[in-house]
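Peer 1: sequence first, predicted model second:
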Amino acid sequence: MKKQTKIIVAVLAAVLVLAMVFVYKLHWFGAGMKPQQAAISHPDSVVQAVVDTPEVTSLPKTDGPKAMPDVEFPQSGNKVEDFVTGTYEIAMDAKGFLDDDELEDVVLVLQNKTDSTDLRPTLVLLKQPEGGYHLYAASWQAIGAAYINGDYQQYDSEDIKIDQKRNLIISTFGSGPVGNRETRYRFINHELVLAYMETYNVGAGQQTRVEYDVFNSKVTVEDINTMKEDMPSTISHDTLPDHKPYLFKDIDPTVVFSE
């Protein structure tokens, strides 16, 4: 019996040692898992921020659209630079004949040097017979901000020009929902009004181009089905409702026809 007792004691001792080793390892492996478990249970913890940093920083910001700044520009100036006040600088400019005279006018798009997400004013400067320029109008919505949501560039490229038909043409090109847009403004009865707009957008399986012929109150829509190999297109026409002239200084091209 003594021999059997010794054997039983030895076996129990071995089992006890193995159990202690198992508990020891389980403790340390469990400790190694605790930070991730804590991150799941407490999403506001510092560990969560460290573990999920790439995913969190890649999410789009949710800042709302900027309000129109309360800024007044000079009504007249001897040179173009006289209208570039405060923290603004010239981002784009165009020269040409806009109104009915033969004096070369200037259009400026200004950018706030301290905030790239600020709305950019577009200034129409009419050359005066006696020299210098008169500020006809400033639009805060003609082109929109260069950056949105903090650091997201809104357009891939953009351009303004005055063509030979005395149209002010503003073009923006962007991927995704923003799409491409061209707006044309022309002086009619001494007011600069929206004459034409064209938009182009690409969606899932479809491309859509819309022409708004404002002067003739016509809308033309072309839908292209990109899901089929031959990419068939359908064209439809509609009529714009009667409306007073869309003044350059007042309208937002992104929503003017959304109704």
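Peer 2: Here it is on my side, so go on.

Peer 1: where do the strands sit along the stretch 1-150 of the chain?
Peer 2: 76-77, 88-96, 105-112, 122-127, 133-139, 147-148 (DSSP state E, counting those that start in this stretch).

Peer 1: where's A146 relative to K95, distance?
Peer 2: 22 Å (C-beta to C-beta, to the nearest Å). Every residue, glycine included, has its C-beta placed from N, CA and C.

Peer 1: quick check: beta-bridge partners of Y196?
Peer 2: R184, D213 (DSSP bridges).

Peer 1: show the contacting residues for it.
Peer 2: Listed by C-beta atoms under 8 Å, 6 or more residues apart in numbering, the contact partners of Y196 are N167, E182, T183, R184, E211, Y212, D213, V214, F215.

Peer 1: quick one: the third one and T199 touch, right?
Peer 2: If I follow you right, that is T183. No - counting by C-beta atoms under 8 Å, T183 does not reach T199; the two are 9.4 Å apart.

Peer 1: pick out whichever of those two has more residues nearby.
Peer 2: T183 (26 against 18; other C-beta atoms under 10 Å).

Peer 1: could you check how far the more buried one is from T254?
Peer 2: Applying C-beta to C-beta to T183 and T254 gives a distance of 10 Å.

Peer 1: how about F97?
Peer 2: With C-beta to C-beta as the criterion, F97 and T254 are 28 Å apart.

Peer 1: got it, and H243?
Peer 2: Counting by C-beta to C-beta - H243 and T254 are separated by 17 Å.

Peer 1: same check, this time on D230
Peer 2: From D230 to T254 the distance is 33 Å (C-beta to C-beta).

Peer 1: kindly report the same for D101.
Peer 2: 32 Å.

Peer 1: low pLDDT regions in the stretch 1-150 of the chain?
Peer 2: Where the stretch 1-150 of the chain drops to pLDDT under 70, the residues are 1-65.

Peer 1: repeat that with 90
Peer 2: Per-residue confidence for the stretch 1-150 of the chain (pLDDT under 90) gives these ranges: 1-71, 148-150.

Peer 1: tell me where it has helices.
Peer 2: 2-41, 46-51, 53-58 (DSSP state H, counting those that start in this stretch).

Peer 1: how is this protein divided into domains?
Peer 2: Domain segmentation of the chain under automatic domain parsing yields 2-58, 76-239.

Peer 1: and the residue minimising distance to the centre of the chain, what pLDDT?
Peer 2: By C-alpha atoms, centre = their mean, the chain has its centre lying nearest to Q154, at 3.3 Å. Note for Q154: predicted pLDDT of 92.

Peer 1: return stretch 217-229 as CSV; C-alpha atoms alone will do.
Peer 2: Output of stretch 217-229 as CSV, limited to C-alpha atoms (Å, rounded to 0.1, in the frame of the first residue of the first chain):
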residue,chain,number,x,y,z
SER,A,217,-36.5,77.2,-71.8
LYS,A,218,-35.4,73.7,-73.0
VAL,A,219,-33.9,70.7,-71.2
THR,A,220,-32.2,67.8,-73.0
VAL,A,221,-31.2,64.7,-71.1
GLU,A,222,-29.0,61.9,-72.5
ASP,A,223,-28.7,58.7,-70.5
ILE,A,224,-26.1,56.1,-71.5
ASN,A,225,-26.4,52.5,-70.3
THR,A,226,-22.8,51.4,-69.6
MET,A,227,-24.0,48.0,-68.4
LYS,A,228,-24.4,46.9,-72.1
GLU,A,229,-21.5,46.4,-74.4
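
Peer 1: what lies in contact with it?
Peer 2: Applying C-beta under 8 Å, 6+ apart, the external contacts of stretch 217-229 come out as 205-213, 231-242, 257.

Peer 1: show the buried residues in these.
Peer 2: Buried members of the contacts of stretch 217-229, scored by 16 or more other C-beta atoms under 10 Å, are Q207, R209, V210, E211, Y212, F257.

Peer 1: OK, contacts around the fourth one?
Peer 2: Listed by C-beta under 8 Å, 6+ apart, the contact partners of E211 are Y196, M197, E198, K218, V219, T220, V221.
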